[in-house]
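**Student:** pasting the sequence and the predicted coordinates here, then a few questions.
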Amino acid sequence: MQPVLEKHFRGWVILHNYAASPNRKMWIFWTDHVQVDLLEFSEQSITCVLQYEIRKVYFSAIYGSNDGVQRKDLWLNLSHIGVRKLLSKEVLINDSWLSTLPQSHVEFLAPEVSDHNATLVKLSMTIQFPPKPFKFFNYRTGNPKCKLIVERSWENPIKGSPMLILHKKLKRLKLELRKFNLQSYGNLSGRVQAKRKELEVMQKAILTQNPPKELVMTERSLYEELKDLMKAEESYYRQKSRIRWL
């Protein structure tokens with residue numbers, strides 16, 4: 001068993017019920033992100049208290065006996081926990097757990113060659129992503145709207161010391177440029193593909209009929225829009241490949 005632990009659970013803390021169960025039926029693993037303290041254990045259960053950030057919860061790992069009498073003793077011993085709700089088909093929680101860790105999630109891993117399923121309980125499904133650094137894309141300068149956004153944002157007065165004014169103006173401008181980029185160039189490659197298909201449909205319509213002047217003007221407008229988007233996409237990938245952000 002030791003080679004398996006070294007390969008798959010190196011650095012993890014391990015808790016088991018060896019003393020009460022000669023068959024070593026239950027194992028609990030955790031990392032140093034949480035603190036787990038053993039309260040009691042038996043042949044059919046292990047009960048612990050778990051400290052996660054500022055929250056504390058109690059949980060019991062159960063391995064019910066095939067003997068009906070022993071199972072009855074198990075549930076009598078666990079009745080004080082107050083099991084009321086299902087986190088999944090095989091993990092039970094009470095109201096206290098649900099209110100403390102409402103985003104709890106359980107995952108049952110594949111048994112592979114074993115007759116048991118490992119159970120992975122995730123206490124929070126919220127993933128915290130660090131804020132993305134601001135990057136100025138050169139292709140923005142080719143859009144006349146970009147200059148107008150910068151001028152209007154910079155001319156809008158702010159009160160405070162010179163350093164505070166500069167800080168707040170840059171912060172405000174950054175948000176406005178991000179909004180402009182999302183509205184005008186969000187999903188840039190997808191925009192190029194969609195505009196290319198739109199132009200293709202229009203050009204086929206012109207080739208198969210005597211097109212009115214309005215149709216030709218629409219085709220010309222789509223052509224210019226596609227050309228601008230393709231130019232922006234080329235500039236984006238060129239700048240990204242060189243990792244030179246202003």
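**Tutor:** That came through fine.
**Student:** tell me what the biggest helix by length in the chain is packed against?
**Tutor:** Across the chain, the helix with the greatest residue count (assigned by DSSP state H) is helix 213-242. Helix 213-242 makes packing contacts with helix 188-207 when contacts are defined by 3 or more CB pairs under 8 Å, 6 or more residues apart in numbering; DSSP states H and E. C-beta coordinates here come from the backbone N, C-alpha and C atoms, glycine included.
**Student:** per-residue confidence averaged over the helix it packs on?
**Tutor:** In this model, helix 188-207 carries a mean pLDDT of 88.
**Student:** ok so, going back, for the longest helix of the chain, which positions count as buried?
**Tutor:** By neighbour count with 16 or more other CB atoms under 10 Å, helix 213-242 contains the buried residues 218-219, 222, 226, 229, 232-233, 235-236, 239.
**Student:** domains in this structure, by residue range?
**Tutor:** What automatic domain parsing lists as the domains of the chain is 2-122, 140-186, 187-246.
**Student:** and these, which one averages the lowest pLDDT?
**Tutor:** Per-stretch averages of pLDDT across the domains of the chain put domain 2-122 at the bottom, with a mean of 72.
**Student:** off-centre distance for it?
**Tutor:** Between the mean C-alpha point of domain 2-122 and the mean C-alpha point of its chain there is a distance of 26 Å (CA atoms, centre = their mean, to the nearest Å).
**Student:** ok, now stretch 235-245?
**Tutor:** On the basis of CA atoms, centre = their mean, stretch 235-245 is displaced by 26 Å from the centre of the chain it belongs to.
**Student:** now do the strands in this structure.
**Tutor:** Chain-ordered strands for the chain, with DSSP state E as the definition, fall at 13-16, 27-30, 35-41, 45-52, 55-62, 85-86, 92-93, 105-108, 119-122.
**Student:** right, and F136 touches L177 too?
**Tutor:** Yes - if you go by CB atoms under 8 Å, F136 and L177 touch, sitting 7.4 Å apart.
**Student:** neighbour count winner among those two?
**Tutor:** Legend: neighbour count by other CB atoms under 10 Å for F136 and L177, higher for L177 (19 against 13).
**Student:** check contacts around that one.
**Tutor:** Applying CB atoms under 8 Å, 6 or more residues apart in numbering to L177 gives the contacts 136, 140, 146, 149-150.
**Student:** could you do N156 as well?
**Tutor:** Neighbouring residues of N156 by CB under 8 Å, 6+ apart: R172.
**Student:** could you measure from the closest residue to Y52 other than its chain neighbours over to K56?
**Tutor:** Closest residue to Y52 in three dimensions, ignoring its sequence neighbours and counting by CB to CB, 6 or more residues apart in numbering: V34, at 4.9 Å. V34 sits 10 Å away from K56 when distances are taken as CB to CB, to the nearest Å.
**Student:** my read is that S153 contacts L170, right?
**Tutor:** No - using CB under 8 Å, S153 is not in contact with L170; the gap is 9.7 Å.
**Student:** who has more neighbours, those two?
**Tutor:** Residue environment comparison for S153 versus L170 gives the larger neighbour count to S153, 16 against 12, counting by other CB under 10 Å.
**Student:** ok, that one - contacts?
**Tutor:** So, once contact is read as CB under 8 Å, 6+ apart, S153 ends up touching 169, 172-173, 176.
**Student:** got TSV for these, with neighbour count and distance to V69 too?
**Tutor:** TSV is the format used below for those (neighbours: other CB atoms under 10 Å; distance: CB to CB, whole Å):
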residue	neighbour count	distance to V69
K169	16	76
R172	14	72
L173	17	74
E176	14	72
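**Student:** distance to Q193 added to those residues, as a markdown table?
**Tutor:** Listed next are these as a markdown table, based on distance: CB to CB, whole Å:
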| residue | distance to Q193 |
| --- | --- |
| K169 | 37 |
| R172 | 33 |
| L173 | 31 |
| E176 | 27 |
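**Student:** cool, thanks, signing off.
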